[in-house]
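> Based on what follows, work out the 3D shape:
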Amino acid sequence: MAKKEKPFYSKPWFWAIVIVAVIALWIVGSYNSFVSMNQAIDGQWAQVETQYQRRIDLIPNVVNSVKGYMQFEKSLLEEITTLRSQWMATSDVDNKVNIGNELDSALGRLIVVYENYPQLTSDTSLLQLIDELEGTENRIAVERMRFNENVRKYNTAVLMFPSNVLANMFGFSQRPYFESQEGADTAPVVDLTV
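Numbering: from 1, shown residues only. Model prediction:
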């Protein structure tokens, strides 16, 4: 009588192939997940930059409208113009974040000044520009929040075991959050006495 051969699924080579296939699928899936999350962060940063560019485009109009009223606030207007130029000249994300934070502070001081000048608040074209600028600031805040959410998801995946092993193996590392500038929690002080 012929010896009955074992089914293929009970042979050791079959289970070795299954284990290798499962590990390979996990590695490919994890790698693709890291790439996808990394691209989501880059895409969200592009949205943040779009809103910054909108702000940058509005600034000259606001500055020119305010110049005639605010000769003694000249240094503030010059600071805003300089920061705008610096932001447009750099392509480094970290530099743009730092310059953006400084610009936030300067624009906050400008809005406080605007609110303290009755003749400025009666200028309808300036009022429209300030409304646009404030709307843009809100859009920037939303896009920053979305950016940080994507960074949080990605960083979590990079740090959690066992995906952290693959992240290190493929060169994926943590991405920085968009953080507020030190002192951003205090309102700007504008002295209108000259």
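> Now for A46, how many residues are close by?
11 (other Cβ atoms under 10 Å). Bear in mind the C-beta positions are built from the backbone N, C-alpha and C, glycine included.
> W26 too?
13.
> ok, now which ones touch it?
Contact analysis of W26 by Cβ atoms under 8 Å, 6 or more residues apart in numbering lists nothing.
> Quick check: next helix or strand after whichever strand or helix holds it?
Using DSSP states H and E, W26 falls within helix 12-67. Helices and strands here follow DSSP H and E; after helix 12-67, the next one along the chain is helix 74-89.
> buried residues in the helix or strand following that following helix?
Later in the chain than helix 74-89, the nearest helix or strand by DSSP H and E is helix 93-115. Neighbour-count burial for helix 93-115, with 16 or more other Cβ atoms under 10 Å as criterion, is recorded at 96-97, 99-104, 106-107, 109-111, 113-114.
> which one of these sits closest to Q86?
I99 (5.1 Å; Cβ to Cβ).
> how deep is the nearest residue to the closest one once chain neighbours are set aside tucked in, by neighbour count?
The shortest distance from I99 to any non-neighbouring residue, by Cβ to Cβ, 6 or more residues apart in numbering, is to W87 (4.6 Å). Neighbourhood size, W87 [other Cβ under 10 Å]: 21.
> Then the one 3 residues further on?
Per other Cβ under 10 Å, the neighbour tally for T90 reads 13.
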